[in-house]
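Chemist: Sequence first, predicted coordinates after that:
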Amino acid sequence: MTNKIHKNENKHWTDSHLNYIETNYGVKDIEEMSKYLGRSVEAIKCSATKL
């Protein structure tokens with residue numbers, strides 16, 4: 001079994017990405033946000049919780 005590592009794992013969030021999440025979380029579809037930011041849905045949720 002191989003370990004799959006997401007391409008953005010351990011990559012820092014930019015201020016513009018965090019602002020995008022703050023502005024759009026709960027407004028836009030989370031899957032749409034995930035595609036736009038190139039992050040997983042879970043990463044978006046986790047980041048939004050921290051904000």
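Modeler: Arrived safely. Numbering: from 1, shown residues only.
Chemist: Would you confirm that residue 40 contacts residue 34?
Modeler: Yes. Between residue 40 and residue 34 there is a contact at 6.3 Å, judged by Cβ atoms under 8 Å. (C-beta placed from N, C-alpha, C; glycine too.)
Chemist: which one of those two has more residues nearby?
Modeler: Comparing residue 40 with residue 34 by neighbour count (other Cβ atoms under 10 Å), the higher total belongs to residue 34, at 16 against 13.
Chemist: I would like the residues contacting the host helix or strand of that one, please.
Modeler: Secondary structure from DSSP states H and E places residue 34 in helix 30-37. Here helix 30-37 makes contact (Cβ atoms under 8 Å, 6 or more residues apart in numbering) with 17, 20, 21, 24, 25, 40, 41, 43, 44, 45.
Chemist: Can you pick out the most distant pair from those residues?
Modeler: 24 and 40 (16.2 Å; Cβ to Cβ).
Chemist: Quick one: low-confidence residue ranges for this protein.
Modeler: For the chain, the stretches flagged by pLDDT under 70 are 1-10.
Chemist: so where do the helices sit in it?
Modeler: Under the criterion DSSP state H, the chain contains helices at 15-24, 30-37, 41-50.
Chemist: Return the distance of the shortest one from the chain's centre.
Modeler: The offset between the C-alpha centroid of helix 30-37 and the centroid of the whole chain comes to 7 Å, using Cα atoms, centre = their mean, to the nearest Å.
Chemist: Would you mind getting the angle between that helix and helix 41-50?
Modeler: 100 degrees (axes from the mean of the first three to the mean of the last three Cα atoms, to 10 degrees).
Chemist: Flag every buried residue along helix 30-37.
Modeler: With burial defined by 16 or more other Cβ atoms under 10 Å, the residues of helix 30-37 counted as buried are 30, 33, 34, 37.
Chemist: Please apply the same query to the last one.
Modeler: Along helix 41-50, these residues count as buried under the neighbour rule (16+ other Cβ under 10 Å): 43, 44, 47, 48.
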